[in-house]
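Student: Build me a structure from this.
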Amino acid sequence: MNERTIAVVGLGYIGLPTAAVLAASGSKVIGVDIDARAVDTINAGRIHIVEPGLAEIVQKAVADGNLRATTTAEPADAFLIAVPTPFRDDHKPDLRYVEAAGRSIAPHLRPGNIVILESTSPVGATEQLAKWLADARPDLRFPGTNGAATASVDIHLAYCPERVLPGNVIVELVSNDRVIGGMTPTCSAAAADVYRLFVEGECIITSSRTAEMCKLTENSFRDVNIAFANELSMICDELSIDVWELISLANRHPRVNILQPGPGVGGHCIAVDPWFIVHSSPETARLIRAAREINDFKPAWVIDKVAQEAARLRTGRTNPGEVTIACLGLSFKANIDDLRESPALSICTDLAMSTDFRVLAVEPHIAELPTALADQVTLVGVETALAEADIVLLLVDHKEFRDLLVTQLSATIIDTRGIWRRSRSMDGNR
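Tutor: Now for the predicted structure:
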């Protein structure tokens, strides 16, 4: 397999690291992405995303000739699809990028090829991909289509979700177990051969539907547990209880492990995947739906806390005027640059839409604000933000914020992550 060519379609936060570790294993890798700037950046031996350890691997892989990028698909022996799978306004899964990726590689498929879907997807997506491919290539036999018998398919299809932590992707791509769900046992075996090129963890075989549901289950489990912590934080705020002290005490029970609350839940996995289960089973997935609704509500709750503090500040002024708010952090989790589905970004955006506030943003991991926010919010350094803010709103617990001497500030502090709780309380009282 090392002498074969592997194409990775989608060079984002999962696709590029996957392409890089495959290339580092000695495989010839073709990275495919519709973003010409990303392609040019990679071919120059650089990266367009932030992920520790990735830059060095990409630089070496490109220099060694094992990795190159292109905007159009090419023939390969195996194709890994790692494109976005968002949902529409009604929370219905949107598979248009998966379909586009499938149709882009279809002209280049040859008997014996392996197609692996990595994108987080609703149950049945791999089967749908097989139908799209069969529609584009009626001359080939795909599992579950064209009346092909299990042992007589031309193209092997499987589903294998990523399960990595942003900020530690390179390590976990190699060390974590992989759940591989082929549409047939032969498909599973062929896909497992690809992952064994770089995965040191166990490759566990199952069906495509079970593998799809496994990914959704993992993230829904986390979402439900975060929702408990977020709901607890709102209850504690009503009862004037320090939620972080409470959780610390409760977690001393040997069978209790409550997670930490925050301003919401973000990222392209936990904030999205539970809706795929709800869509598939709307009448039965009641707990999963409720958890998602709690976590989706938390940003609005934070905004309301800011509005309450701003009103209190104006009451004590002879000239109320604008209240300056410094939003510390925009990414969906600490120490990364990923803004996808970020509650911090959503909160900052909503505050900026109000004429009552002047909004400053501090995000040390990006060089410029998203276009939609650039005209409404000023990106500044942390020193400027702390010097000018009436309210400091801590949204992301970046390491750059943890050691700030907030006790010396005259501003009101709203700490949604609890990292300054010994000096300031959640309700903003100084």
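
Student: Output the lowest mean pLDDT helix or strand found in this protein.
Tutor: Using mean pLDDT, DSSP states H and E, the weakest-scoring helix or strand in the chain turns out to be helix 371-374, at a mean of 86.

Student: Counting by contacts, list what it packs against.
Tutor: Judged by 3 or more CB pairs under 8 Å, 6 or more residues apart in numbering; DSSP states H and E, helix 371-374 is in contact with helix 343-352. (Each C-beta comes from the backbone N, C-alpha and C, glycine too.)

Student: Which elements pack onto the following helix or strand past the helix it packs on?
Tutor: For helix 343-352, the following helix or strand on the C-terminal side (DSSP states H and E) is strand 357-362. Judged by 3+ CB pairs under 8 Å, 6+ apart, the packing partners of strand 357-362 are strand 323-328, helix 343-352, strand 378-379, helix 382-388.

Student: Recalculate using a threshold of 10 Å.
Tutor: Strand 357-362 sits against helix 286-315, strand 323-328, helix 343-352, strand 378-379, helix 382-388, strand 391-394, with contacts defined as 3 or more CB pairs under 10 Å, 6 or more residues apart in numbering; DSSP states H and E.

Student: Using CSV, please lay out these together with distance to S27.
Tutor: Formatted as CSV, those follow (distance: least, CB to CB, whole Å):
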stretch, distance to S27
helix 286-315, 38
strand 323-328, 42
helix 343-352, 36
strand 378-379, 40
helix 382-388, 42
strand 391-394, 43
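
Student: Of all these, which one is nearest D35?
Tutor: The closest of the helices and strands packed on strand 357-362 to D35 is helix 343-352. By CB to CB, the value is 20.3 Å.

Student: Could you dump the helices and strands packed on strand 357-362 into JSON lines with distance to P122, mean pLDDT and mean neighbour count added?
Tutor: JSON lines is the format used below for the helices and strands packed on strand 357-362 (distance: least, CB to CB, whole Å; pLDDT from 0 to 100; neighbours: other CB atoms under 10 Å):
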{"stretch": "helix 286-315", "distance to P122": "13", "mean pLDDT": "95", "mean neighbour count": "17"}
{"stretch": "strand 323-328", "distance to P122": "33", "mean pLDDT": "95", "mean neighbour count": "25"}
{"stretch": "helix 343-352", "distance to P122": "23", "mean pLDDT": "95", "mean neighbour count": "24"}
{"stretch": "strand 378-379", "distance to P122": "36", "mean pLDDT": "94", "mean neighbour count": "16"}
{"stretch": "helix 382-388", "distance to P122": "41", "mean pLDDT": "93", "mean neighbour count": "16"}
{"stretch": "strand 391-394", "distance to P122": "35", "mean pLDDT": "96", "mean neighbour count": "26"}
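
Student: So which of those is nearest E245?
Tutor: strand 391-394 (17.3 Å).

Student: now the helices for the stretch 101-250 of the chain?
Tutor: Assigned helices in the stretch 101-250 of the chain, in chain order: 125-136, 169-175, 185-195, 208-238, 243-250 (criterion: DSSP state H, counting those that start in this stretch).

Student: For the ones you listed, give me CSV that also has mean pLDDT.
Tutor: Converted to CSV, the helices of the stretch 101-250 of the chain look like this (pLDDT from 0 to 100):
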stretch, mean pLDDT
helix 125-136, 97
helix 169-175, 96
helix 185-195, 97
helix 208-238, 97
helix 243-250, 96
